[in-house]
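Participant: Model the following, please.
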Amino acid sequence: MHSQSMKVTTTDLKTYVQTMVDLLEDPITLLQDPAAVQAVTDIKLIETTTVEVNDTSFLGHEHKVWKTHLASLSADNKKEILKLVKNNDKLENRIQNVETDVALLKDETKRLNDVTVEVQQQVKEIEERLVETTDEVKLQEK
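Facilitator: Got it, this is the predicted structure:
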């Protein structure tokens, strides 16, 4: 009869109530007991009575305090959720800006790599001319 989640299904509840009625209607002892007979009558009345979930008149003061507290928590949660949504929007904008910056950096890196290759080619050509010029000077000295 115990559940770790503390939840009771409608089927379980009906079974529990029927078990109580069966016990209270025990023909050997309790069926003759006026209190047991009254308990069965009360249980059957409870089974046919519906209670509005929004009706808190049957709740004690402590339950009403908790309900008020939960309502205020709900309002606080809404405020917190709105803050989180705004922060999320800001973060998405920042991410988009970073992605744009990364794309620009990639383009600039490619351009710099192309320039580096061009400069390396020019340096190679200069070195080759230097070698040729050096060889010509050596030939002229001989």
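Participant: going forward, measure contacts between C-alpha atoms and count neighbours the same way
Facilitator: Fine.
Participant: what about residue 46, neighbour count?
Facilitator: A count of nearby residues for residue 46, using other Cα atoms under 10 Å, gives 11.
Participant: same thing with residue 40?
Facilitator: Look at residue 40: counted by other Cα under 10 Å, it has 21 neighbours.
Participant: thinking it is in contact with residue 24, fair?
Facilitator: Yes: using Cα atoms under 8 Å, residue 40 makes contact with residue 24 at a distance of 6.6 Å.
Participant: Only alpha carbons, please: show stretch 8-25 as PDB.
Facilitator: Output of stretch 8-25 as PDB, limited to C-alpha atoms (Å, rounded to 0.1, in the frame of the first residue of the first chain):
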ATOM      1  CA  VAL A   8      -1.900   6.900  -5.500                       C
ATOM      2  CA  THR A   9      -3.700   6.000  -8.700                       C
ATOM      3  CA  THR A  10      -7.400   6.100  -8.900                       C
ATOM      4  CA  THR A  11      -7.500   2.300  -9.300                       C
ATOM      5  CA  ASP A  12      -5.300   1.900  -6.200                       C
ATOM      6  CA  LEU A  13      -7.500   4.300  -4.200                       C
ATOM      7  CA  LYS A  14     -10.700   2.400  -5.200                       C
ATOM      8  CA  THR A  15      -9.000  -0.900  -4.100                       C
ATOM      9  CA  TYR A  16      -8.000   0.600  -0.800                       C
ATOM     10  CA  VAL A  17     -11.500   2.000  -0.100                       C
ATOM     11  CA  GLN A  18     -13.100  -1.300  -1.100                       C
ATOM     12  CA  THR A  19     -10.700  -3.200   1.200                       C
ATOM     13  CA  MET A  20     -11.700  -0.900   4.100                       C
ATOM     14  CA  VAL A  21     -15.400  -1.500   3.400                       C
ATOM     15  CA  ASP A  22     -14.900  -5.200   3.100                       C
ATOM     16  CA  LEU A  23     -13.100  -5.200   6.500                       C
ATOM     17  CA  LEU A  24     -15.800  -3.000   8.100                       C
ATOM     18  CA  GLU A  25     -18.600  -5.300   6.800                       C
END
